[in-house]
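In: Predicted model, plus sequence, below.
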Amino acid sequence: MKRDWELLFSDYDLRAVLEAQLNKVNDTVLAVPADRFDAETDDLLAASVASQLVVSPLELLDDQVSVAAADAKVDVRWDPNRAVFDRSRPALVDGLEVTYHLPFLGEPKLLKCQPSTYTLNPPRAVLGSSHELTFPYDQANRDVAATKPLFQQDLATLKQWISWVNQQVNEYNASLETRVRSRVQQRRQELTKTTSDLASLGYAVRTPAGGTPTSVPPENPVARRKSRRQRQRREYDVALSFAGENRDYVEQVAQQLVALGVEVFYDRFEQVNLWGKDLAEHLGHVYSRDAHFVVIFASRSYAAKAWPNHEKQFALSRHLRGDVGRILPVRLDDTEVPGIPPTIGYLDARVLTPVKLAELIRQKVDSAGGESAP
């Protein structure tokens, strides 16, 4: 019986919700401090702002379903196989309530949004305050096994609707960086004009405290990177830390970094070098001292696995020693990776292609002093 279940995907129009999110681009760009326009490229600024406006698609963790049962009074008045003389009143018998608990990731509000593709029979579930849907089934005859096909049918319907929602969300995320970059470029022109207009007044112009001068791109960036590595006694410009489940995306980033002339530590590029070494010790050196930057690809798989967390701990050790600004988190989903300070800015891979992310890493490596943006 579904008397207490909530009708999903029915409260709001998803198209309107995503359009409202896009309307935040202007205010978010205006909130960027002016001195960041001196210190960062349009690409870096656009990626940073777009990462703040990502809408996280829904992901059902159906490999983590749990189930429970509890005694319950079951209303059987609508059961045609039972002799109930007054169906206007509850007819309660002893039975079971079997409840399936389905955790999920992503933006919970999406479960209330109707996608452009839909049917007239949306799924139902009980939506709690946490990232979990529950499916309680009453069984007057205490037949636990009979609830499984009911849940599987409801789950299949839910997955179909989520695929329709995520298609729109992914299209929104894919277009976001381009939309933001256009506003960033316009904002830069506005700031340049304001500076020019102030100068034309004939008075001394005050500049914000701590303003960063515009960096000049090096004539030979590859040689400059090599010289910096030698001065700092580092072997790599950047090391990539990730979970194997995310390798497809990360490998494309690594290959593009090589094409850009960036010295990158990526395990598949180091197979001969790693052969026979104590990996725990060697990787500790790589992530704590041998790379100028460490890019952490944060994901559910990353947070759950031992080796990525080993790499993360060594990367964080340099942060604790005062060598700040060297950890560059890239979010692949909404998982919070323990230990990464919340004050460290991140980029979101859901709005960046691997090629675009590699170019942003290259810009970071080549930025003046290699420091992180505010």
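Out: Nice, thanks for sending it over.

In: worst-scoring helix or strand of the protein, pLDDT-wise?
Out: helix 221-232 (a mean of 66; mean pLDDT, DSSP states H and E).

In: Run through the neighbouring helices and strands of the next helix or strand after that helix.
Out: Counting by DSSP states H and E, the next helix or strand C-terminal to helix 221-232 is strand 236-241. Applying 3 or more C-beta pairs under 8 Å, 6 or more residues apart in numbering; DSSP states H and E, we find strand 236-241 packed against helix 221-232, helix 247-259, strand 264-265, strand 291-298, helix 306-320, helix 354-366. C-beta: built from backbone N, CA, C; applies to glycine.

In: and stretch 348-361, how far from the chain's centre?
Out: 13 Å (C-alpha atoms, centre = their mean, to the nearest Å).

In: Could I get the buried residue list for that stretch?
Out: For stretch 348-361, the buried set under the neighbour-count rule, 16 or more other C-beta atoms under 10 Å, comprises 348, 349, 350, 351, 352, 354, 356, 357, 358, 359, 360, 361.

In: gap between residue 176 and residue 50?
Out: 5 Å (C-beta to C-beta, to the nearest Å).

In: joint contacts of these two?
Out: Counting by C-beta atoms under 8 Å, 6 or more residues apart in numbering, the contacts common to residue 176 and residue 50 are residue 351.

In: Do you have the strands of the stretch 1-150 of the chain handy? List them.
Out: For the stretch 1-150 of the chain, the strands defined by DSSP state E, counting those that start in this stretch occupy 6-7, 12-13, 59-60, 66-75, 92-105, 113-114, 124-127, 132-139.

In: Next, format those as TSV and append mean neighbour count and distance to residue 258.
Out: Formatted as TSV, these follow (neighbours: other C-beta atoms under 10 Å; distance: least, C-beta to C-beta, whole Å):
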stretch	mean neighbour count	distance to residue 258
strand 6-7	14	50
strand 12-13	13	45
strand 59-60	16	31
strand 66-75	14	44
strand 92-105	17	32
strand 113-114	20	41
strand 124-127	18	46
strand 132-139	20	43
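
In: out of those strands, which comes closest to residue 247?
Out: strand 59-60 (18.5 Å; C-beta to C-beta).

In: Can you list the strands that the closest one pairs with?
Out: strand 92-105 (antiparallel) (DSSP bridges).

In: quick check: angle from the strand it pairs with to strand 66-75?
Out: For strand 92-105 against strand 66-75, the angle by axes from the mean of the first three to the mean of the last three C-alpha atoms, to 10 degrees is 150 degrees.

In: Rounded mean pLDDT for strand 92-105, please.
Out: Averaged over strand 92-105, pLDDT sits at 88.

In: do stretch 184-200 as well
Out: 95.

In: ok, now stretch 126-134?
Out: 88.

In: Quote the end-to-end distance of that stretch.
Out: In stretch 126-134, first residue to last residue: 5 Å (C-alpha to C-alpha, to the nearest Å).

In: Could you list the low-confidence segments of this structure?
Out: 1-3, 76, 78, 80, 83-87, 91, 208-220, 222-234, 319-324, 368-374 (pLDDT under 70).

In: Spatially central, which residue of it would that be?
Out: The chain has residue 333 as the residue nearest its centroid, 3.2 Å off, counting by C-alpha atoms, centre = their mean.

In: and that residue, what element?
Out: According to DSSP H and E, residue 333 maps onto no helix or strand at all.

In: Need the phi and psi values for the closest residue to it other than its chain neighbours.
Out: Computed as C-beta to C-beta, 6 or more residues apart in numbering, the closest residue to residue 333 that is not its neighbour in sequence is residue 299, at 5.3 Å. Per-residue torsions, residue 299: phi -160, psi 170 (degrees, to the nearest 10).

In: residues contacting residue 299?
Out: Residues near residue 299 by C-beta under 8 Å, 6+ apart: 242, 243, 245, 246, 331, 332, 333, 335.
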